[in-house]
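In: Mind folding the following:
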Amino acid sequence: MSFTFNPKEALLVPKDDLTPKDPHDRLFKRVMSDEANVRQFIKEFLPKDISSQIDLKEMKLIPTEKIKGYNKYYMDIAVECKISNTKGQLYFVFEHKSYPDPGVLLQILSYMTVTWDEQKKKNKPLIPIIPVVIYHGSSSWNVTTHFQGQFNSLNESIKPYIPEFNYVLVDLTQIPNEEIEQKAKATPFLMASLLLMKLVALHDIEGITKITVIISLSEEERIILILYLFYTLDVDQDTMQRIVKELGGEELMPSLAEKLIKQGEERGKIEGEKRGEIKGTIKGKQDLLLRLLRRKFGLSSSDEKMIHSVTDEVKLDAAAEAVLDAKSKDEVLEILQ
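Out: As a prediction, the model looks like this:
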């Protein structure tokens, strides 16, 4: 089963977009790489004085990986729009945050300057950019929303010489679940993803089990969201099984295990190619099993040493598949004996 986008699409998410490496960010990019979801978000979640001026039919995603100069920061999502009833254009840059980041304004400024620099190099007119920060952390967002707010004791005579801009803050934790459902009802995957991102941050287990729209999603989308839960929600095995069952994910377990194993294989192959080692695939399987066991049960140094010593791919695959249903790490480690 493949989870990559159509290669004809301009903005692609890597094949391992469901791995534990920053799962919040990867889910956000996966959802917002669909133009229908972005249109719905702009229409319903941004201030009306902005969204009402946008011709959403003319909107298109910008492949951010093609924008040069991002040695330190990378945009999550960038969108080009036309302003209604004019020939003017407008960019939105969407930045996702799962924690209050005091450096977000400098990050946004970096986006803006690099984008404008690229336009200037191509002798194109500069296009206005509206930054949007989408937040879903467990603590309150306490970062100023305008650039000059970062400076202490900035008197009125100096302000005209200091850059100034605001970003739109969409704090999911402050939006009632019912409002998110209403605003995103036309795009069920967007709705389910935003609700999960919010409720995982708030550790609202009962709220998560009530996101019944997940049951109606495609198998691919359900697997993406259940894997997101698996990697981000800190609960015991019984609770996770109950959540998966109530979200209609029990029948997906074989596909989930297959996906996890395949990710380990792909990561191992890539690493092996980089190092020129035949053992890349085995190491990928070992690393996957280590991550799964650490996430679910925790591991001692002797456990990890033992796993690193196993080179039987069949055993490593079987152990990774067994983690999902195992009640203890010993059940999994016995498979490697």
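
In: Tell me where the stretch 201-337 of the chain has helices.
Out: Listed in chain order, the helices of the stretch 201-337 of the chain (DSSP state H, counting those that start in this stretch) span 205-209, 219-232, 237-246, 253-275, 280-296, 301-309, 313-323, 329-335.

In: do you know which of those helices lies nearest K87?
Out: Using C-beta to C-beta as the measure, helix 219-232 is the one of these that comes nearest K87, at 37.3 Å. The way it works is simple: take the backbone N, C-alpha and C, and place the C-beta from them, glycine included.

In: Taking helix 313-323 as reference, get the angle to that closest one.
Out: Compare the direction of helix 219-232 with that of helix 313-323 by axes from the mean of the first three to the mean of the last three C-alpha atoms, to 10 degrees and you get 80 degrees.

In: May I see the buried residues of helix 219-232?
Out: For helix 219-232, the buried set under the neighbour-count rule, 16 or more other C-beta atoms under 10 Å, comprises E221, R222, I223, I224, L225, I226, L227, Y228, L229, F230, Y231, T232.

In: since we're on Q182, how many residues are nearby?
Out: Counted by other C-beta atoms under 10 Å, the residues lying close to Q182 total 11.

In: same check, this time on the one 3 residues further on
Out: When counting by other C-beta under 10 Å, one arrives at 13 neighbours for K185.

In: again, but for E95
Out: Per other C-beta under 10 Å, the neighbour tally for E95 reads 23.

In: how close does it get to A186?
Out: E95 sits 24 Å away from A186, going by C-beta to C-beta, to the nearest Å.

In: how distant is stretch 175-186 from the center of its chain?
Out: Here the centre of mass of C-alpha atoms in stretch 175-186, compared against the chain's by C-alpha atoms, centre = their mean, to the nearest Å, lies 19 Å away.

In: what's the model's confidence in whatever helix or strand E80 lives in, averaged?
Out: Secondary structure here is read from DSSP states H and E; on that basis E80 sits in strand 77-83. Across strand 77-83, pLDDT averages out at 90.

In: All good on my end, thank you.
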